[in-house]
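Peer 1: sharing a sequence plus its predicted fold:
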Amino acid sequence: MTAKIDLVTLQLFVAIVEEQSIAKAAEKKNIAASAVSRRISDIEDRFQVELLHRHSKGIEPTPAGFALLEHARIILGNLSRLETELTGYRQGKRGLIRVCANKSAILEFLADELSLFLERHPLVRIDIEEDLSPAIVRAVVENRADIGIFGGNIDGQDLELLSYRSDSLAALVTRDHPLAGRGKVRFRELVDFDFVSLEKGSSIETLCVAAAAALGQHLKVRVRVSSFDALFRVIDARMGVGVVPLEIVQGRYGVDSLVTVPLDESWAQRELLMGVRDYKSLPPVTKLLVDHLRTHDDASLTADGVSDRLTVVPGRG
């Protein structure tokens, strides 16, 4: 049978060189010296080379032996690093986490929270995809994302839902708009104006459409945009009013010409939910991130309760 170089043989050869003795290497590895000698002889016979030079003071590698020693140490070192890396996945120190979130979550809270998490777990990678809330739910259900963060007014289907954060919705108008000086505003006072809205199906747009329908009206969307920056710019150009989270506007540069007026509506206190397929079955590293994001609130919801409470990849947000 043709001798094969396996990991045990490599380990034995390194031990022989380090101990300068087959007998000592055999004792160190708890194997019979004759078995060790046979392994080395088989390799020498296969490749027709001498690996060890035996003399009165011990054993030292031949040029071919030094070549084998160098490769053996590289291979065994790589194996050790592989074992350490795989252990890291099991312990939650290493891994890839796929997160899908809407615009509001990323801009308001998520970016800073993920930055802190990655600082604490330097071997973890996170792929973030931005999308609309309904698409986020589908992505998690279909196992295209591990964690989804979306508006609480969106059906979570069969996901396990966890409270993430909440934000406050406000009307966004120019400083010379008739509603600009108000301390708060009801949606019925806003609905008669032209709207600048995010994409159809977004959490905020869905809330506004439902609120208008409850008043027996249609939301008069004049312009649709795909980002909050575009929304600010279009409103600043006096093409309509908008509804945005206060948390996004506060402290933001370039919006000095705009004014936020808090909405005096129960639905304006919007909950953002975090959805996973099954928390208990999540990989350890993904559980670490879920727990990190939940530190402010450990409340857990069921999908049925949503209607009552309600590597960044560019997306539709």
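Peer 2: Done, it's in. Residues are numbered from 1 along each chain as shown.
Peer 1: can you list phi and psi of the nearest residue to residue 143 once chain neighbours are set aside for me?
Peer 2: Counting by Cβ to Cβ, 6 or more residues apart in numbering, residue 143 lies nearest to residue 277, which is 7.1 Å off, once chain neighbours are set aside. Yep, even glycine has a C-beta here, placed from its N, CA and C like the rest. Recorded main-chain torsions at residue 277 are phi -70, psi -50, according to degrees, to the nearest 10.
Peer 1: which ones are touching residue 269?
Peer 2: 166, 168-169 (Cβ atoms under 8 Å, 6 or more residues apart in numbering).
Peer 1: mind checking the SS state of residue 256?
Peer 2: coil (DSSP: H, G, I helix; E, B strand; the rest coil).
Peer 1: ok, it - how many residues close by?
Peer 2: As a burial measure, residue 256 scores 9 neighbours (other Cβ atoms under 10 Å).
Peer 1: do residue 285 as well
Peer 2: Residue 285 has 23 nearby residues by other Cβ under 10 Å.
Peer 1: helix, strand or coil: sort out the residue nearest to residue 133 when sequence neighbours are not counted for me.
Peer 2: Nearest residue to residue 133, sequence neighbours excluded (Cβ to Cβ, 6+ apart): residue 150, at 3.7 Å. Under three-state DSSP, residue 150 falls in the strand class.
Peer 1: could you chop this protein up by domain?
Peer 2: 7-86, 92-165+271-293, 167-269 (the TED database).
Peer 1: report the distance from the longest one to the chain centre.
Peer 2: Taking the mean of its C-alpha atoms, domain 167-269 sits 30 Å from the chain's own mean (Cα atoms, centre = their mean, to the nearest Å).
Peer 1: ok, and for the helix or strand that contains residue 74, which residues are buried?
Peer 2: According to DSSP states H and E, residue 74 maps onto helix 63-91. In terms of neighbour count (16 or more other Cβ atoms under 10 Å), helix 63-91 has its buried residues at 64-65, 68-69, 72, 88.
Peer 1: parallel or antiparallel, which strands does the longest strand along the chain pair with?
Peer 2: In the chain, taking DSSP state E as the definition, the longest strand is strand 160-174. Its sheet considered, strand 160-174 pairs with strand 242-245 (antiparallel), strand 258-262 (antiparallel), strand 269-276 (antiparallel), strand 300-301 (antiparallel) by DSSP bridges.
Peer 1: output that strand as CSV, nothing but the C-alphas.
Peer 2: Once non-C-alpha atoms are left out, strand 160-174 reads as follows in CSV (Å, rounded to 0.1, in the frame of the first residue of the first chain):
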residue,chain,number,x,y,z
GLU,A,160,-41.0,35.7,16.5
LEU,A,161,-41.3,39.5,17.2
LEU,A,162,-39.3,41.4,19.7
SER,A,163,-39.6,45.0,20.7
TYR,A,164,-36.8,47.1,19.3
ARG,A,165,-37.3,50.8,19.6
SER,A,166,-40.0,53.4,19.1
ASP,A,167,-40.0,56.8,17.4
SER,A,168,-42.3,59.8,17.2
LEU,A,169,-43.7,60.9,13.9
ALA,A,170,-44.1,64.6,13.0
ALA,A,171,-45.2,66.7,10.1
LEU,A,172,-42.3,68.3,8.2
VAL,A,173,-43.1,71.7,6.6
THR,A,174,-41.2,74.8,5.5
